[in-house]
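A.B. asks: Got a predicted structure here, sequence first:
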Amino acid sequence: MISSDALMAWRKKEENDHVLQWAKTSVTKTGDRKTSYFRCSRAIPYPGYALTQGHKSKKDVLYCTAFLRVSEERRGIAVTYCNKHIGHAEDPALLSIDKESESYIILRKIRTDFRNKKIKTRLYFTTAKDIRNIAARNNVVPGRKHAFDIQSVEMRVNEASEEDGIRRYIPAIDETGDGFLLVVITPVQKSWITRYGRRGISIDDTFNLTRYSLRLATVIVADEWDMGLPAAYLLSYRMTEEEVFKLFSEIKEVAPDFNPKLFMTDDTNSFYNGFQRAFPHAATVKLLCCFHVLQAIKRNCKAKLIEKKHTGMVMSKVRSLCRSADRSDFTTKYSTLLTHLQELGEHQFCSYMEDTWSHRVQQWGGFARENAVMNTSMLGERFHKRLKHELPDSKPNMRLDRLLETIISLAAELEEDRTIRMRRGLLDGRYRLLQQHHQHEEAVKWYRERQEDVKEYSVIRSNALKISKIADDEVYQSLEKVRQLLRSIRFEIEDTVRSKCTQKKTRQTEIVRRAEVPISGGPSRDPPIRKFQPVSFKIPQV
């Protein structure tokens, strides 16, 4: 027999030591005795539980041997338990957060304690800047090794830590910062390049991160969730082909087989030329960011169009061209646009389109982006926005050593966040998967009452035509026979099921189709009833 406090302490220790959580399932009372029953939180409480959940459940087994039975009486508490699992692995990521952990996470010590008080002290008005200043005065700022930030960076470079991933460092040659170059590829980023680099990369640069005239270029890869990951950094005073070549030379050192399917960038040649110098034999296709293409054409519409009212028409046509997946359709639309501009008298703008974009349709046309993992360079833009504005200690014109610490530690934090999401089965950030689920739900709602619009052979036909690239009569005839065969099999199965259900009844029950729903969405007054007509099962000759 143990006390209630001792029970709570013992239970917490057992759950932490054996990676489990006991969830209460029922309570019974017999006289003065109260018995509580607990089972493993990963076990399904009852059959069909998963069907009642609107999300993916962490409960994935029907039975587990881990249980706890607590019997409470006046003289004390008796416990019977098992702390071993069967049917699933020990995974702390799928456990719930207890109350003590929630109390640790929630911010109480500052604003919560003073929220209901009429007199608020200076502690209530603490800001993030105050915390940074306190950390600086007490020398607890991560990455700061010297009062002068350039000296602090050089001290960190000289440490040559493998976890920092500083691959190349060239100090500035004058006080303007000219000649400065720093390449960072951490071990986590190396694993990203090896794992996801083949799908495609995007590269973009930004500025105004430090008090110096330095630009930060980031190589972005997309993981299996299409989430942008910073795979390499280039911090440099200049951003020419030579500096980019040094970046990709370091990538070649850590990943000799680096061969991305596509190379996404804005309308500049320095990034791709530097990549080609480092990987001259790579079968990589250069694609231009559709957003930057549209922005460039829109700017020239304002400058070169005689009639500004044609801007909307031109931009609408260009957007359609960026989405056109068929090459012949793209050619027709593009030729029509140029001809129409000539007829409108917009010769200057038509010449601009022909001189600037006609010879590069492979880089911005939609037909060249089949199965591309990205359509714009927004993954890099989004990362740079987060780096500038969303991190707790981010601010414009930060110290150089602070920026270096941020980009080095951020890769490890992103990898931890990805691992936790995968282990817990979270869907946050999986934009493409969420959109796929949304479209599937919409299709189910739309066709629930419109079964006559569903074609059984549409998938077979589309796949066959996609492979053969022709639409001859023999293909259609063969597929039509397959469709009839599938219908015959389905009818025979329904007839067999119906016969078994009726059993001894002499009168055969009529199987009625679902009532048809008009386009308005509401049921018609007298929906037609179509009786199921049984047919004899006969396999047609294919």
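C.D. replies: Here it is on my side, so go on. Nothing here was measured: the structure is a model prediction, and the numbers come from that model.

A.B. asks: List the residues that contact A368.
C.D. replies: V285, L287, V361, Q362 (C-beta atoms under 8 Å, 6 or more residues apart in numbering). For every residue, glycine as well, the C-beta is placed using N, CA and C.

A.B. asks: Can you give the domain ranges for the protein?
C.D. replies: For the chain, the structural domains run 4-104, 149-289+376-419, 290-368, 448-542, going by automatic domain parsing.

A.B. asks: would you list those in CSV and tack on distance to V141 and mean pLDDT?
C.D. replies: CSV is the format used below for those (distance: least, C-beta to C-beta, whole Å; pLDDT from 0 to 100):
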stretch, distance to V141, mean pLDDT
domain 4-104, 24, 80
domain 149-289+376-419, 7, 93
domain 290-368, 37, 94
domain 448-542, 58, 52
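
A.B. asks: Of all those domains, which one is nearest L434?
C.D. replies: Counting by C-beta to C-beta, L434 lies closest to domain 149-289+376-419 out of the domains of the chain; the figure is 9.9 Å.

A.B. asks: does K29 sit in a helix, a strand or a coil?
C.D. replies: strand (DSSP: H, G, I helix; E, B strand; the rest coil).

A.B. asks: whoops, I mixed them up, Y233
C.D. replies: Put simply, Y233 is strand when judged by three-state DSSP.

A.B. asks: returning to what we had before: hmm, which two among the contacts of A368 are most spread apart?
C.D. replies: The widest separation within these, taken as C-beta to C-beta, falls between V285 and V361 and amounts to 12.8 Å.

A.B. asks: still on that earlier bit, any idea which of the domains of the chain is most buried?
C.D. replies: Stretch with highest mean neighbour count among those: domain 149-289+376-419 (a mean of 18; mean count of other C-beta atoms under 10 Å).

A.B. asks: and it, how far apart are its ends?
C.D. replies: Its first and final residues considered, domain 149-289+376-419 spans 33 Å by C-alpha to C-alpha, to the nearest Å.

A.B. asks: Centre of the chain to that domain, how far?
C.D. replies: From the chain centre to the centre of domain 149-289+376-419 is a distance of 20 Å (C-alpha atoms, centre = their mean, to the nearest Å).

A.B. asks: Also stretch 411-420?
C.D. replies: Distance, stretch centre to chain centre, for stretch 411-420: 13 Å (C-alpha atoms, centre = their mean).

A.B. asks: all helices of the stretch 51-200 of the chain, in order?
C.D. replies: When secondary structure is read from DSSP state H, counting those that start in this stretch, the stretch 51-200 of the chain shows helices at 99-105, 111-114, 128-137, 149-159, 187-196.

A.B. asks: before we move on, back to that, of the contacts of A368, which belong to strands?
C.D. replies: Among the contacts of A368, the members found in strands (DSSP state E) are V285, L287.

A.B. asks: Help me confirm that R199 comes into contact with L379.
C.D. replies: No - using C-beta atoms under 8 Å, R199 makes no contact with L379, being 11.7 Å away.

A.B. asks: overlap in contacts of those two?
C.D. replies: A222.

A.B. asks: Tell me where the stretch 201-350 of the chain has helices.
C.D. replies: Counting by DSSP H, counting those that start in this stretch, one finds helices in the stretch 201-350 of the chain at the ranges 241-254, 270-278, 290-304, 311-323, 327-343, 347-356.

A.B. asks: what's the closest of the ones you listed to T25?
C.D. replies: The minimum distance between T25 and the helices of the stretch 201-350 of the chain falls on helix 241-254, with 51.9 Å, by C-beta to C-beta.

A.B. asks: got the contact list for that closest one?
C.D. replies: By C-beta under 8 Å, 6+ apart, the surrounding residues in contact with helix 241-254 are 167-168, 181, 183, 185, 190, 193, 203, 217, 219, 232, 234, 236, 258, 269-271, 273-275, 277-279.
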